[in-house]
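Asker: Give me the fold of what follows.
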Amino acid sequence: MNERAKEPRAKEPRGKEQRIALRRLFAGTALAAAGTAAMVAVTLPMEASGDGGPPQTRGEAAPHAAATPSPYASPSTTATGNASGNNSGNAGTGDADPLTDDEITRAQQAALAGDRTLRTTSEDVQGQDGTPQFLSADLADLTAEPSGREGKRHADVYFYDYRDDRFVKKTVDLGTGKVVRTESATGVQPAPSGQESREALKVLLASPLGDGVRQDFEAATGRSLAAPAQLRVQGLAYERSGTAGPADCDGGHRCVRLFTHVVGGPWIDTRQFVIDLSARTAHRLP
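Answerer: The predicted model follows:
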């Protein structure tokens with residue numbers, strides 16, 4: 001696969017202290033992803049049978065439930081990448097109700113409306129210009145904010161810009177529709193969205209390594225793997241440890257591992273593969 005050509009974009013200079021602060025700011029995301037990877041490896045035995053049931057909504061996935069949430073970690077995603085709240089009404093109530101689907105849509109639109117650079121020169125997982133990859137959204141935690149915000153609703157909206165391999169978090173005041181805070185960092189990888197996980201599966205199947213996945217699928221089901229939709233997939237952020245793994249997966253590139261199972265059937269072991277979504281290449285771990 002050919003790497004996606006990237007043109008460097010001028011960035012504002014940052015001091016050493018600011019870079020360190022940003023990395024600490026998003027450290028909870030990387031730690032949460034690492035912990036999730038370990039738990040999934042334990043809780044998803046390859047002989048387990050997939051249920052093929054309805055997709056889980058945010059907060060229902062067991063591997064994430066035991067993790068201590070970080071205010072700067074993007075919410076857990078599931079095989080379908082469903083980032084919606086528990087209801088589809090126009091607005092939730094107070095500072096505890098989950099975001100509704102309408103609030104997520106409005107927060108996402110507001111997050112991009114005032115950021116012309118992100119809105120026009122970013123890139124999503126499929127290489128589409130002017131579209132940062134939406135990851136997820138969640139109700140912002142205002143417990144540490146100044147008093148007087150009780151009952152107000154703010155949304156944290158998370159994006160990934162594939163052009164610069166940059167994680168962006170925007171906090172939107174749902175009452176006014178204005179962005180009240182923007183934070184970004186490079187070198188830190190949040191949990192991938194469902195769309196990214198499905199794209200990673202396509203990259204894997206299009207690579208020479210995909211032949212092994214097809215063979216395992218046929219051995220498990222007795223039929224050929226004709227389309228990625230025949231597999232359910234869960235993605236986890238991957239950052240190499242030491243010298244093992246792809247050289248670019250050191251936090252700078254968007255790299256994921258996949259856990260896959262046949263729809264309504266058994267698990268297919270893809271844990272040995274790492275997909276570099278920034279370069280659109282697939283690798284086998286040593």
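Asker: what about residue 200, which SS state?
Answerer: helix (DSSP: H, G, I helix; E, B strand; the rest coil).
Asker: can you check residue 243 too?
Answerer: Residue 243 is classified as coil under three-state DSSP.
Asker: Kindly report the same for residue 217.
Answerer: Residue 217 - assigned by three-state DSSP - is helix.
Asker: isn't it right up against residue 266?
Answerer: No: Residue 217 is beyond contact range of residue 266, at 9.6 Å (criterion: C-beta atoms under 8 Å). Any C-beta I mention is one placed from the backbone N, CA and C, and that applies to glycine too.
Asker: quick one, what contacts residue 115?
Answerer: When contacts are counted by C-beta atoms under 8 Å, 6 or more residues apart in numbering, residue 115 touches 170, 179, 182.
Asker: same thing with residue 257?
Answerer: 37, 235, 236, 238, 270, 271, 273, 274, 275.
Asker: In strands only, show me those.
Answerer: 235, 236, 273, 274, 275 (DSSP state E).
Asker: Can you tell me which of those residues has the most neighbours?
Answerer: residue 275 (31 neighbours; other C-beta atoms under 10 Å).
Asker: Kindly provide the distance from the nearest residue to it once chain neighbours are set aside to residue 253.
Answerer: Excluding the flanking residues, the one nearest residue 275 by C-beta to C-beta, 6 or more residues apart in numbering is residue 200, at 4.0 Å. Using C-beta to C-beta, to the nearest Å, one gets 12 Å for the distance from residue 200 to residue 253.
Asker: quick one: which helix or strand includes residue 220?
Answerer: Assigned by DSSP states H and E, residue 220 belongs to helix 210-221.
Asker: which parts of that helix are buried?
Answerer: Using 16 or more other C-beta atoms under 10 Å as the test for burial, helix 210-221 gives 210, 212, 213, 216, 217, 220, 221.
Asker: Let me have the residues you listed in TSV, extended by pLDDT and distance to residue 163.
Answerer: Formatted as TSV, the buried residues of helix 210-221 follow (pLDDT from 0 to 100; distance: C-beta to C-beta, whole Å):
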residue	pLDDT	distance to residue 163
210	97	27
212	95	32
213	96	29
216	96	35
217	96	34
220	94	38
221	95	39
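Asker: could you pull out the helices for the stretch 51-200 of the chain?
Answerer: Ranges of helices within the stretch 51-200 of the chain are 62-65, 101-113, 116-121, 194-206, based on DSSP state H, counting those that start in this stretch.
Asker: can I get the ones you listed in CSV with distance to residue 152 and mean neighbour count?
Answerer: Listed next are those as CSV, based on distance: least, C-beta to C-beta, whole Å; neighbours: other C-beta atoms under 10 Å:
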stretch, distance to residue 152, mean neighbour count
helix 62-65, 26, 16
helix 101-113, 13, 19
helix 116-121, 25, 13
helix 194-206, 29, 22
